[in-house]
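S.K.: pasted the sequence and its predicted model underneath.
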Amino acid sequence: MNKFDFVSIGDIVTDAFIRLAAASGADTHKDSDKHREELCISFVDKIPYEFVKVISAVGNSTNAAIAAARLGLNSANITNQGDDEVGAKNLATLKNDGVSVDYVISHKDMVSNYHYVLWYGTDRTILVKHEAYPYVMPEDFTTNWLCLSSLGGTSEVFHSDIGKYLDAHPEVKLAFQPGTFQFTLGYEKLKNIYQRTNIFFCNKEEAQLILKNSEHDTRQNESFGLVKQLLTSIHELGPKIVVITDGPHGAYAYDGNKSYSIPLYPDIAPPYDRTGAGDAYASTIVSALALGKPLEEALLWGPINSMFVVQKIGATEGLQTRADLEKCLTEAPADYKLKEI
């Protein structure tokens, strides 16, 4: 029986970052109906780009496993990929970061997930394709924390297998950060996962989607009314602790007793690329809990790693070690603290 501090479950991918040039003619447009920005480029034209950078071994859960390893935890990633050159580079990257590859299954005659990131300004649009791997839940391991995140569209039955594993191991704590397909599946099909979750992460828009709340919040945090409603409503679905991020407004947490406002950690420089900021936020909080930190302190670890990630290209280059992160915490401004709301 293999023993870990932190095990993540989710699809591993390779990201090819395509930096759109200033002369590309790209722009963003605010869609008033969808309440979100859209990336606009000319159709048919040849669009210039500045450079391409390929980053191996990323994806929500893989990012989490690497974050945990950088912070000193014994971590592993349960995932699937192809038996190809892309997959070989993923394995080498994980090993270099000290993440166990015992449960990375490389499938013969299948290709590895490969995503294209259209990077404009400090944000990006990602072209994704998750291969249809045969998902299998290993049973020869135990862990203090299991971190579940984005899986492909053929993983519905696999979620039931994860639930069975958790039923057989009541001592294992679960962190859940849903991905696109898990939002599509909806609460009812993942009810046992939600109810088994110790700590849950999503952003404000995703919380509204989960609760089928189509009302757009135009108050821009003039009050915490909507956020507190979302926190308590998600908590009622089963998670013991709920963390909801809200971009430049920071984040909020609810443990069933107290609600907190979590500040942003001051930027050392303007953000360069926001990819992986949410993954760093969630996995660092879980890692702090796995290291025995109280919730109130763990919630202050997340924004630090997230801030460093957005200073680099991709989701993992900026991830900090425990010593560096704790140094930032001791040097934090006096007002870097939780506020009860």
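M.R.: Received it, and whenever you're ready, just let me know what you need.
S.K.: could you look up the SS state of C328?
M.R.: helix (DSSP: H, G, I helix; E, B strand; the rest coil).
S.K.: burial check on it, number of neighbours?
M.R.: Applying other C-beta atoms under 10 Å, we find 20 residues neighbouring C328. All C-beta atoms are positioned from the backbone trio N, CA, C, and that covers glycine.
S.K.: then K228?
M.R.: K228 has 15 neighbouring residues, counting by other C-beta under 10 Å.
S.K.: sec struct for it, please.
M.R.: Quick answer, by three-state DSSP: K228 is helix.
S.K.: quick one: residues contacting it.
M.R.: By C-beta atoms under 8 Å, 6 or more residues apart in numbering, the residues touching K228 are Y252, Y254, S259, I341.
S.K.: can you list those in TSV and add neighbour count and secondary structure?
M.R.: TSV is the format used below for those (neighbours: other C-beta atoms under 10 Å; DSSP: H, G, I helix; E, B strand; the rest coil):
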residue	neighbour count	secondary structure
Y252	25	strand
Y254	24	strand
S259	20	strand
I341	16	coil
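S.K.: okay, these in CSV with distance to Y272 next?
M.R.: Shown next, in CSV, are the contacts of K228 (distance: C-beta to C-beta, whole Å):
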residue, distance to Y272
Y252, 26
Y254, 32
S259, 32
I341, 31
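S.K.: of all pairs in those, which one spans the longest distance?
M.R.: Spanning the widest gap among these are Y254 and I341, at 9.2 Å by C-beta to C-beta.
S.K.: mutual contacts of the two, please.
M.R.: With C-beta under 8 Å, 6+ apart as the test, Y254 and I341 both reach K228, Y260.
S.K.: longest strand in this structure, by number of residues?
M.R.: The longest strand of the chain (DSSP state E) is strand 49-58.
S.K.: in the chain, which spans are helices?
M.R.: 60-70, 85-96, 156-168, 180-189, 191-196, 204-210, 225-236, 277-290, 295-309, 322-330 (DSSP state H).
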